[in-house]
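> sequence and computational prediction follow.
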Amino acid sequence: MNNAPPSREFDYVIVGAGSAGCVLANRLSEDPGATVLLLEYGGSDRGPFIQMPAALSIPMNSPRYNWGFASAPEPHMNGREMNCPRGRVLGGSSSINGMVYVRGHAGDFDQWRDLGARGWAYRDCLPYFRKAETCAHGGDQYRGGEGPVHTGNGNGMANPLYGAFVEAGRQAGYPVTADCNGRQQEGFGRMDMTVKGGVRCSTSNAYLRPARRRPNLTVTTGALCHRVVMDGRRATGVEYEVNGGRRLAVAAREVILSAGSIGSPHLLQLSGIGPQDVLARAGIALVHDLPGVGANLQDHLEVYFQFRSLRPITLNGRLNPLAKFLIGARWYLFKTGLGATNHFESCAFVRSRPGVKWPDIQYHFLPAAMRYDGRAAFDGHGFQVHVGPNKPRARGGVAAVSPNARDKPGIQFNYLDNEADRESFRQCIRLTREIMGQPALDAYRGGEIQPGLDVASDGEIDAWVRANAESAYHPSCTCKMGGIGDAMAVLDPECRVRGIDGLRVVDASIFPAITNGNLNAPTIMTAEKAADLIRGQAPLAPSNAESHTDPEWQTRQRPGQPLREVI
């Protein structure tokens, strides 16, 4: 009797219909001679709470759309188990995230190159950022004008608090940038979002939905992947489960894992590919000892400053049931108003100290004081600014705990396990107080709700950060690309798993180092570039567009400051 699961053959089998997987499904199926299967454990993304930008906290906190990962107790965060939401739905995390569109700094991608990811310097990546994007502000040598992902500024910073925040930065001596995704990231200015016509522009909407009309693309939802099937050192397919039955998808050309920075290393380990000691503890038979699988985990931590508002112009006044209903009704009928924006419409990127070459601190400004679950933090009007260091030294890991794909992997971020990261947060707190204390905010700024003026010394700041910092939900780097001499590199610069034929990984796990900002834009870019590598096409011509660096970065922390160290 044959107990083998029923199988179908495709040229490409992609695991994960997320920020990268939807891009790959579209680009690989552009070839009518290639058949593509896209496997996704989650379901449809058509619900209004996903599509309405202002409702972002609902899918992010819903077990229907979220894998619900959490870290082990973090030893340097008072033993807190840190939330790590990852999208489990068509569009993946691009369907549950905050829609913030930040590419990162040019230096981030030159750093990738220097870490062994040949062909991934800024001049190589910029053409793919442009290919992916249609920018509402217009295309140029930095911004795209004809791509699937639509970006813009929501309601155009109509609330005066956005502009007041930018002006406060200018008064504190920082530059104002016309476009943090253009030539100059450093400074204060508008923040863009992935929204088109008032609707979330996820990769499901932008890439997958138009591609599903093609007969050579098959999308299977509710598919839990158990392992990559191997023939010796070659990946030949994926074993997965649908409706309680096992299936086998045979890949004639390649298997591509796009399950994210938690899911991709976990699936490699379930397939016997990873560190020998991790697999032994989990009871998984070793196929290929690859020590970097699941290592090098990086993430951004952030805190948020909250202030009472002297004027009733914040979103805290729109959180009652009637106001929410009216906002939702306007969005449903017209796709306009407060429902059509993520409300993060101004931002900043600054350097923490002299000697830092490009920005390492990021700000998101929000004209409300509320928690991540979308509820008000207090009674009355308020506003807040999210801030955190973007180049942490902490490194963690992802490790399978058993051979069962239903058992969530162990996750340890090791946040704040080093003095450099703790000092970076002290710098964030002190610089933020200086910025928020500028005259531009005097007409709006009431008392400081948190951290509170009693949090001032190094010890007080450290204790408050340990108790209150939250993940910015940017896990990355767990299957990093690297050069031949890097023993911890999981992939070569063409996204191929080292020592295994027919297997690639394409998602934020392949970053050699975390970028200076939110991860959705660089993940989409990565998938666009990887699609050309997979299809064997010539890469887009490198860009000659220059990026800005403060000419006196070695001696000052900001252009408007005398040449001295910050306090």
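Sure thing, it's come through.

> show me what secondary structure element comes after the longest helix along the chain.
The single longest helix within the chain, with elements called by DSSP state H, is helix 419-436. Once the chain leaves helix 419-436, the next helix or strand it forms, by DSSP states H and E, is strand 445-450.

> pLDDT of whichever helix or strand comes after that following strand, averaged?
Sequence-wise, the next helix or strand downstream of strand 445-450 (DSSP H and E) is helix 458-468. For helix 458-468, mean pLDDT rounds to 98.

> buried ones in helix 458-468?
Buried positions in helix 458-468, judged by neighbour count with 16 or more other C-beta atoms under 10 Å: 461-462, 464-466. (Glycine included, C-beta is placed from N, CA and C.)

> residues in contact with the next helix or strand after that helix: which ones?
Downstream of helix 458-468, the first helix or strand assigned by DSSP H and E is strand 470-471. For strand 470-471, the surrounding residues in contact (C-beta atoms under 8 Å, 6 or more residues apart in numbering) are 82-84, 299-303, 372, 413.

> bridging residues for the closest residue to R212 other than its chain neighbours?
In this structure, R212 finds its nearest non-sequential neighbour in V219, 6.2 Å apart by C-beta to C-beta, 6 or more residues apart in numbering. Beta-bridge partners of V219, counted by DSSP bridges, are L38.

> one more: the one 5 residues further on?
Taking DSSP bridges, one finds E241 as the beta-bridge partners of L224.

> distance of it from W112?
32 Å (C-beta to C-beta, to the nearest Å).

> quick one, which of the two is more surrounded?
W112 (29 against 13; other C-beta atoms under 10 Å).

> name the element the more buried one belongs to?
helix 106-114.

> list the buried residues for that helix?
Buried residues in helix 106-114, counted by 16+ other C-beta under 10 Å: 106-113.

> now these as a markdown table including pLDDT?
Shown next, in a markdown table, are the buried residues of helix 106-114 (pLDDT from 0 to 100):
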| residue | pLDDT |
| --- | --- |
| A106 | 98 |
| G107 | 98 |
| D108 | 98 |
| F109 | 98 |
| D110 | 98 |
| Q111 | 98 |
| W112 | 98 |
| R113 | 98 |
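
> ok, back up a step: now do the longest helix of the chain, average pLDDT.
Mean predicted confidence for helix 419-436 is 98.

> check stretch 358-368 too.
pLDDT averaged over stretch 358-368 gives 97.

> go on, stretch 244-258?
Rounded mean pLDDT across stretch 244-258 is 98.

> ok so, going back, looking at the buried residues of helix 458-468, which is nearest G147?
V465 (38.2 Å; C-beta to C-beta).

> what's near enough to touch the closest one?
Counted by C-beta under 8 Å, 6+ apart, V465 has contacts 303, 416, 422, 425, 429.

> hang on, the earlier thing: buried residues, the longest helix of the chain. List them.
421-429, 431-432, 435-436.

> kindly reformat these as CSV containing distance to R353.
As requested, the buried residues of helix 419-436 are arranged in CSV below (distance: C-beta to C-beta, whole Å):
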residue, distance to R353
D421, 14
R422, 14
E423, 9
S424, 9
F425, 13
R426, 11
Q427, 7
C428, 11
I429, 14
L431, 9
T432, 14
I435, 15
M436, 19
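
> ok, I50 to G42 distance?
From I50 over to G42 (counting by C-beta to C-beta), the distance is 11 Å.

> between these two, what contacts are shared?
65, 89.

> looking at these two, which is more packed in?
I50 (28 against 23).

> which residues touch that one?
59, 65, 89, 91, 95-96, 200, 202.

> just these: which are in helices?
P59.

> so what does A211 look like in phi/psi?
phi -80, psi -20 (degrees, to the nearest 10).

> isn't C479 up against L268?
Yes. Using C-beta atoms under 8 Å, C479 is in contact with L268, at 7.1 Å.

> overlap in contacts of those two?
257, 293-294, 490, 497, 505.

> so which strand or helix has E167?
helix 160-171.

> run the chain-centre distance for that helix.
26 Å (C-alpha atoms, centre = their mean, to the nearest Å).

> so which other helices or strands are in contact with that helix?
strand 187-190, strand 346-350, strand 361-366, helix 419-436 (3 or more C-beta pairs under 8 Å, 6 or more residues apart in numbering; DSSP states H and E).

> closest one to R281 among those?
Per C-beta to C-beta, nearest to R281 of the helices and strands packed on helix 160-171: helix 419-436, 27.9 Å.

> any idea of the angle that closest one forms with helix 160-171?
Angle of helix 419-436 versus helix 160-171, following axes from the mean of the first three to the mean of the last three C-alpha atoms, to 10 degrees, is 110 degrees.

> dump helix 419-436 to PDB, restricted to CA.
Extracted in PDB, the C-alpha atoms of helix 419-436 (Å, rounded to 0.1, in the frame of the first residue of the first chain):
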ATOM      1  CA  GLU A 419      26.000  48.700  27.700                       C
ATOM      2  CA  ALA A 420      26.000  50.300  24.200                       C
ATOM      3  CA  ASP A 421      22.300  49.700  23.700                       C
ATOM      4  CA  ARG A 422      21.400  50.900  27.200                       C
ATOM      5  CA  GLU A 423      23.400  54.100  26.600                       C
ATOM      6  CA  SER A 424      21.600  54.500  23.300                       C
ATOM      7  CA  PHE A 425      18.300  54.600  25.100                       C
ATOM      8  CA  ARG A 426      19.600  57.100  27.600                       C
ATOM      9  CA  GLN A 427      20.500  59.300  24.700                       C
ATOM     10  CA  CYS A 428      17.100  58.800  23.200                       C
ATOM     11  CA  ILE A 429      15.300  59.900  26.300                       C
ATOM     12  CA  ARG A 430      17.500  63.000  26.800                       C
ATOM     13  CA  LEU A 431      17.400  64.100  23.200                       C
ATOM     14  CA  THR A 432      13.700  63.600  23.000                       C
ATOM     15  CA  ARG A 433      13.000  65.800  26.000                       C
ATOM     16  CA  GLU A 434      15.100  68.500  24.400                       C
ATOM     17  CA  ILE A 435      13.200  68.300  21.100                       C
ATOM     18  CA  MET A 436       9.700  68.200  22.700                       C
END
